[in-house]
Structure formats: structure tokens, C-alpha cells
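Enquirer: Using only what follows, build the 3D model:
(one chain, ligands or ions: 2)
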Amino acid sequence: MEASTSGRTYHDDMARILWSPDDITARCRVLGRQIANDYKSKAPLVLGVLKGSFMFASDLVRCIEPCPRGLTLDFIRASSYGSGTESSGDVKLKTDLKKEKVQGRHVLLVEDIVDTALTITTVSRYLLEECGAASVATATLLDKHERRKLAYSPEYVGFVCPNEFVVGYGLDFDEEYRTLPYIGVLKPECYAHLGIPGPEPVGSGESGDE
Ligand SMILES: O=P(O)(O)OC[C@H]1O[C@H](OP(=O)(O)OP(=O)(O)O)[C@H](O)[C@@H]1O
Ligand code: HPA
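Expert: Ligands and ions are numbered 1, 2, ... in the order given. Next comes the predicted model:
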């Protein structure tokens, strides 16, 4: 990891800011109201997909107002990007969720981003096929639908994301930048600096192995 000896802040690494903290708050409020209405008699299990969703999940659940009775919150860990900007295609799940706690429940997955949709598809299948969830829907802050490898339409979308590698508000590059309070695009020089190529447009070749 780069030490901050240069005096360069994470903010300095942004090519541009796409969505400010205020933009994100406003979308959380809108989505929270929709979810509260749609799930008012469904006692949802809200399941954040870690690590990327930690900020969005925390803000979104406070906006699910009025909170449906029986709503419970849990998390599942899913990862496939490693230290690069391309999915490895191998989505690893880690969870201590008990299957009987999922069986028959209406699950609302919370994601920071749906990109290729490999992650959300793997998690959804696990919940439906192995845990017996009654239904699975997804609330994602960002939908980068141009890069889909699998067809998937999230039910609740904060923003449609351009085909660029974004960081902040939970989203990382090689585990850094997650704590920024906004979503921004990294300057290309940041990929070069770390010796890792930047994102390639879909259809341009093989995926990276991280
Ligand atoms: O639609 P996809 O192409 O599968 O990409 C989306 C997933 O990628 C990121 O997770 P990552 O594997 O980087 O792990 P992290 O949440 O710990 O950052 C992000 O948080 C999503 O879960
Ligand atoms: O654009 C992205 N940024 C960070 N993590 C991601 N995981 C999938 N796409 C992205």
C-alpha cells in the first residue's frame, strides 16, 4: 500500500466527483420510503453484502421509514475483485447466517454496486436455492449496467453509474478509498502508480485474474 509520505490525499486522486454526500442522502431517502412501502407487511431480512455496502446499508436502513415490523438486519461477505479493477469471476461467499433464519423470508440485498452482476447473482442463488428464501430483491446504490456479464435488474437503484472505476462511500480500489464520503472516479495515474491496469471496456478481452 502507498504510504502517505507524498502529502497527497485520497481526495487529490479523484478525477471527478460523481455524487456528493448530499446527492447520496437524497437518494437514500427516496429509496427508503419506497422500500418501507413495498415491504410494510413482509418482515424483510435486510442483508448487506460486505464489505462495499457497509456505508450504504447503514444509511439506507435509517431511511426505511416507517420501519416494517419484523425487519431484521444481517450481513454476508462476498468478494471477487481482489486488488484489481476486474472481477476474477470467482465469487467467494463467507457467512455465518443460519439457513433456517433465511428460509421463508423476503430478503432485501443491499449492495454498493452491481457491475458484471456476478456477485449479486451468486448471492441471490445461494439465498433462494440453498437457504429457501421466499423472495430476493436488491437495493444497490450504483448500477453499472453497461458492464453486465449476466442479465440482472436490481429493484432499487440509487444512480446509474458510467463505465468507469469508481471509489468512495464503501467502494474500494485495492482496499483503499472506502471511507471517502462521496463517489468519485480515480485519476488514471493512480492505476499506473500502483502498477495495475485500469478498467477495460466490456468485450475488450479477457478479465484480469484479480
Ligand atoms: O457486479 P460485480 O462485477 O460482481 O461487482 C460488484 C461487487 O464488487 C464489489 O465487491 P468486491 O468483490 O470488490 O469486494 P468488497 O465488497 O469487499 O469490496 C462490490 O462491493 C460488489 O459486491
Ligand atoms: O467501479 C467499481 N469500483 C469499486 N469496486 C467495484 N466493484 C465492481 N465495480 C467496482
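
Enquirer: Mind pulling up the pLDDT for Gly82?
Expert: On the pLDDT scale, Gly82 is placed at 79.

Enquirer: same check, this time on Ile64
Expert: Reported pLDDT for Ile64: 98.

Enquirer: And Tyr156, by the same measure?
Expert: For Tyr156, the predicted pLDDT is 98.

Enquirer: Could you find the closest non-adjacent residue to it?
Expert: Ala139 (3.8 Å; Cβ to Cβ, 6 or more residues apart in numbering). In this view, the C-beta of every residue, glycine as well, is placed from N, C-alpha and C.

Enquirer: Briefly note if whichever helix or strand the one you found is part of comes near ligand 1.
Expert: Taking DSSP states H and E as the criterion, the element that holds Ala139 is strand 135-143. No. Using Cβ under 6 Å from any ligand atom, we find that strand 135-143 stays clear of ligand 1, coming within 8.6 Å at best.

Enquirer: strands paired with that strand, and their directions?
Expert: Sheet pairing here is set by DSSP bridges, and for strand 135-143 it gives strand 106-114 (parallel), strand 156-160 (parallel).

Enquirer: Quick one: closest of these to Arg148.
Expert: Shortest distance between Arg148 and these, using Cβ to Cβ, is found for strand 106-114: 8.3 Å.

Enquirer: What's the end-to-end length of stretch 95-113?
Expert: Length of stretch 95-113, first residue to last, Cα to Cα, to the nearest Å: 20 Å.

Enquirer: Could I get the full set of helices for this structure?
Expert: Along the chain, the stretches classed as helices by DSSP state H are 21-38, 54-63, 99-102, 118-125, 188-194.

Enquirer: average pLDDT across the first one?
Expert: Right, helix 21-38. On average, helix 21-38 scores 98.

Enquirer: what does that helix rub up against?
Expert: Outside helix 21-38, the residues that touch it by Cβ atoms under 8 Å, 6 or more residues apart in numbering are 19, 44, 56, 59-68, 108, 139, 141, 156, 158-159, 169, 181-183.

Enquirer: ok so, going back, most neighbours per residue, which of the strands paired with strand 135-143?
Expert: Counting by mean count of other Cβ atoms under 10 Å, strand 106-114 has the highest mean neighbour count of the strands paired with strand 135-143, with a mean of 26.
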